[in-house]
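Enquirer: Please find the sequence and the predicted model below.
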Amino acid sequence: MRSHYCGKLTANEVGQQVTLSGWVNRRRDLGGLIFIDLRDREGLVQVVCDPDLHDLFAVAYTVRNEFCIQIKGEVRARPESQINKDMATGAVEVYASELTILNKSAPLPLDFNHENSEEQRLKYRYLDLRRPLMSERLKFRAKVTSFVRNFMDSNGFLDVETPILTKATPEGARDYLVPSRTHKGQFFALPQSPQLFKQLLMMSGLDRYYQIVKCFRDEDLRADRQPEFTQIDIETSFMTSDQVMAITEQMVHQMFNELLSVDLGSFPRMPYWEAMRLYGSDKPDLRNPMQFVDVADLLKDVEFKVFSGPANDPKGRVVALKVPGAAEKVSRKDIDNYTSFVGIYGAKGLAWLKVNDIAAGAEGIQSPVAKFLTPEIISEIVSRTNAANGDLIFFGADSYKVVCEAMGALRLKLGEDLAITQAGWKPLWVVDFPMFEENDDGSFSAVHHPFTSPLDTQAFLETPNTELKLGALLSNAYDMVLNGTELGGGSVRIHTAEVQAKVFTLLGISDEEAVEKFGFLLEALKYGAPPHAGLAFGLDRLVMLMTGATSIRDVMAFPKTATAACPLTDAPGAANPQQLAELGIQVVTKA
C-alpha cells in the first residue's frame, strides 16, 4: 500500500511516482490549494492537492486531522523560497494525483498541541504513541536492544530463555502469584529476575548467557519503577568481577558512542562506603560537585541536642553540606521549603549557617544555631567545608539512614534548583558493597541477594560465625551508575555449598527453609558448579537516560500507572466465579 515512508523522501526521489500511506497531521486550505502534512512513523511530508483535479480536491476538502489516508503522486522539488529547513523532507513535496481515505477519525480525546494528563495518555496510549516524541523513543529503544543482541552475540554470549512461571525468589519485593489449576492451593510466582536460573545455566556449562527479559515485582512505584520491567540479564562462567565489569563497560561505552555519538570516557571506581560518606547515596550523581563533610566529632558536647544526640549515637550521623554562593540566592522562605522537603525523608529539621564574612569570625556568621556553637567550632566547620564568603552550609543530624537519604536528596535538589549540577555524562562503578544490612529488629538481610559471594571467601570461611562482624563484611558486588541512576548491578556468585550454607545460617535461614526454597540450587552446587558472575541492566532506565525522558513510563509502549493499573485495558479486573472455583480461590472483601 506504499512505496516509501513519508519521512524518508529526499531530493533523490524528485520526479518519481510514489505511494504513501499515513495519518493527516495537519490540513491547510489556502483557497486555491489544499496542503496536507502526511505523517507516518518516519516523519512528515507535505502533499499538494490541486483544485484542477476536481475529484481529488473534493476528497481532500473532507479530510481532517488523524484521518488515515493513501496518497499517490509525484515527488517535486520545492522552490528555493519555500524550502522548510525545520522538516527533514522540507526540500520536497508530493503533488497528489490520487487520494484515498482509508479510515476516518473521530475527534481525538487527546490534544497533541497541549499537555494531557498521564491518565488520559495511558487510556488512549495507541494515540499517544502517534506523537513523534513517543514513537522516536520506542524506535530508539529498538536500536538499543538490537545493539545489545549484536554485541552479546559477537562476544560469544548465548540468548537463552528462562521460565516465567516459577518459584518465589528472594529479591526483596513482593512476588506476583499465579494460582495453579492443576495443583489447587499452590501458586507459581512471576520472576523478580532470572537469578537462580541463570546460575543453573552456568552450572550446565553454557558459559556465557544473556537475555532481554521481563521481570515482575509487586512494589511501591515511582518514576523509575514498574510492576513489569525489562532487564538485560548477563551471566558468565570463569570470569572475575574485573572481567565482567570490563566487558559490560565496553558494551555501554560502545552503545553511547554508536547511538548517541557520546564518549563516556573512563569509568572510575568508588567503594560503597566512600560513596555514602561523600554523597549519602550508593548511586551518586558526580555531575554535582557538592559533598558531605562529617562533623559529629565537633558537636558531641554542644548544648543543642539536635546536634549532640546523633553525634553521640553510634548509629547517628551529623554532616555539613556546603552550597557555594547560595547565601544570597537562598531566602528564608526557600530554607523553609527545603526543610519541608527533607521532612519527606524523615528529617526533623534543617539547620543552616550563612557565611557572610570569614574574617569577622563568629560575628560574620548568620545562623539560628550559631548561639549553640563556640567560635572554635564554627571556625573548624568553615575550615572543613572549605567555605568562602557567600556560601551556605546546611546540616543533617539524625540516624545514619535518615541523614543519608534526606541530605542526599537535598544535595540533588539544590544542584538542580541552583544550576550547580553540570551538563554531560558522569559514569562510575560503585564497588565493595556490604554483604549484609541490619534491619530495625536487629536481624540482618542480604544487601544484594543471598547468593552474592564475600569479597574474601577464604577469610569468610575461616572466621567463626560468632566472630564475624556482619555489618563490616564486604561482598564481591558492583553497580554501574550514570548521572545518579543505577544502570545495572551484579556480583560474583557463591559457587560452593559450604559458603552458601554459611550465608544462609548468618541470615537466619534454617536448613529446612533453605531446602524448601532453594533445594534445587543447593543440589546443583554439589556437582562441580563453576565460579560464575554476572550483571543485570535495567533496560527501561537505560533508555530513559539516553532519550532524556523523566520516567520509564515514557519509554515503554504500554506501562502501568503509579497504582499498577492499566487505564487502556482496565486491568486488573475481577475473575468470574467459575474461574475462581476451578482454582480453589475465594475472594474475601473487607467490610
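Expert: Noted; the coordinates are in hand. Residues are numbered from 1 along each chain as shown.
Enquirer: which residues in the stretch 1-150 of the chain form strands?
Expert: Applying DSSP state E, counting those that start in this stretch to the stretch 1-150 of the chain gives strands spanning 17-29, 34-40, 43-49, 68-77, 92-103.
Enquirer: Note down every partner strand of the second one and its orientation.
Expert: To tie it back to what came earlier, the one meant is strand 34-40. As defined by DSSP bridges, the strand partners of strand 34-40 come to strand 17-29 (antiparallel), strand 43-49 (antiparallel).
Enquirer: Tabulate these (JSON lines), appending mean pLDDT.
Expert: Shown next, in JSON lines, are these (pLDDT from 0 to 100):
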{"stretch": "strand 17-29", "mean pLDDT": "96"}
{"stretch": "strand 43-49", "mean pLDDT": "97"}
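Enquirer: What sits closest to Val499 if chain neighbours are left out?
Expert: Excluding its sequence neighbours, the residue lying closest to Val499 (Cβ to Cβ, 6 or more residues apart in numbering) is Thr457, at 6.1 Å. Glycine gets a C-beta too; all of them are placed from N, C-alpha and C.
Enquirer: give me the number of residues near the one you found?
Expert: When neighbours are counted by other Cβ atoms under 10 Å, Thr457 registers 17.
Enquirer: Settle this for me: it is touching Glu498, isn't it.
Expert: No - between Thr457 and Glu498 there is no contact under Cβ atoms under 8 Å: 9.6 Å.
Enquirer: for the stretch 151-300 of the chain, what are the low-confidence residue spans?
Expert: Within the stretch 151-300 of the chain, the stretches with pLDDT under 70 are 169-172, 221-224.
Enquirer: thought Asp282 was touching Phe433?
Expert: Yes - when contacts are counted by Cβ under 8 Å, Asp282 is listed as touching Phe433 (7.3 Å).
Enquirer: Name the residues contacting each of these two.
Expert: Tyr272, Asp479 (Cβ atoms under 8 Å, 6 or more residues apart in numbering).
Enquirer: Show me which of these two is the more surrounded one.
Expert: Neighbour totals were compared for Asp282 and Phe433, and Phe433 leads with 23 against 20 (other Cβ under 10 Å).
Enquirer: I'd like the distance between that one and Gln16.
Expert: Between Phe433 and Gln16 the computed distance is 60 Å (Cβ to Cβ, to the nearest Å).
Enquirer: do the same with Tyr124
Expert: 36 Å.
Enquirer: ok, those two, which is more surrounded?
Expert: The neighbour comparison of Tyr124 against Gln16 (other Cβ under 10 Å) goes to Tyr124, with 17 against 14.
Enquirer: low-scoring stretches of the protein, by residue?
Expert: In the chain, residues with pLDDT under 70: 169-172, 221-224, 591.
Enquirer: Mind listing residues that contact the lengthiest helix in the chain?
Expert: The helix spanning the most residues in the chain, taking DSSP state H as the definition, is helix 132-154. Residues from elsewhere that reach helix 132-154 (Cβ under 8 Å, 6+ apart): 39, 41, 43, 128-129, 159, 210, 212, 232, 234, 251, 254-255, 258-259, 539, 542-543, 546-547, 549, 554-555, 557.
Enquirer: please redo it, this time with the cut-off set to 7 Å
Expert: Under the contact criterion Cβ atoms under 7 Å, 6 or more residues apart in numbering, helix 132-154 has outside partners 41, 128-129, 210, 212, 232, 251, 254-255, 258-259, 542-543, 546-547, 549, 554-555, 557.
Enquirer: Likewise for stretch 465-475?
Expert: With Cβ under 7 Å, 6+ apart as the contact definition, stretch 465-475 has outside contacts at 432-436, 438, 444, 447-448, 452-455, 491, 505-506.
Enquirer: Start and end of it, how far apart?
Expert: 16 Å (Cα to Cα, to the nearest Å).
Enquirer: So for Ile552, what's the nearest residue that isn't a sequence neighbour?
Expert: Once flanking residues are discounted, Ile552 sits nearest to Asp540: 3.9 Å by Cβ to Cβ, 6+ apart.
Enquirer: Shouldn't the one you found be within a helix?
Expert: Yes - the assignment for Asp540 by DSSP: H, G, I helix; E, B strand; the rest coil puts it in a helix.
Enquirer: Only the buried residues of the longest helix of the chain, if you could.
Expert: Within helix 132-154, the residues that count as buried by 16 or more other Cβ atoms under 10 Å are Met134, Ser135, Arg137, Leu138, Phe140, Arg141, Val144, Val148, Phe151, Met152.
Enquirer: Over to stretch 346-359?
Expert: Under 16+ other Cβ under 10 Å, the buried positions of stretch 346-359 are Ala347, Leu350, Ala351, Trp352, Leu353, Lys354, Val355.
Enquirer: now swap in stretch 22-40 and tell me
Expert: For stretch 22-40, using 16+ other Cβ under 10 Å, the buried residues are Gly22, Trp23, Val24, Asn25, Arg27, Ile34, Ile36, Asp37, Leu38, Arg39, Asp40.
Enquirer: and the last one, what does it touch?
Expert: Remark: with contacts taken as Cβ under 7 Å, 6+ apart, Asp40 is in contact with Tyr5, Cys6, Gly7, Ser21, Gly22.
Enquirer: what about 10 Å?
Expert: Neighbouring residues of Asp40 by Cβ atoms under 10 Å, 6 or more residues apart in numbering: 2, 4-8, 20-23, 25, 130, 135.
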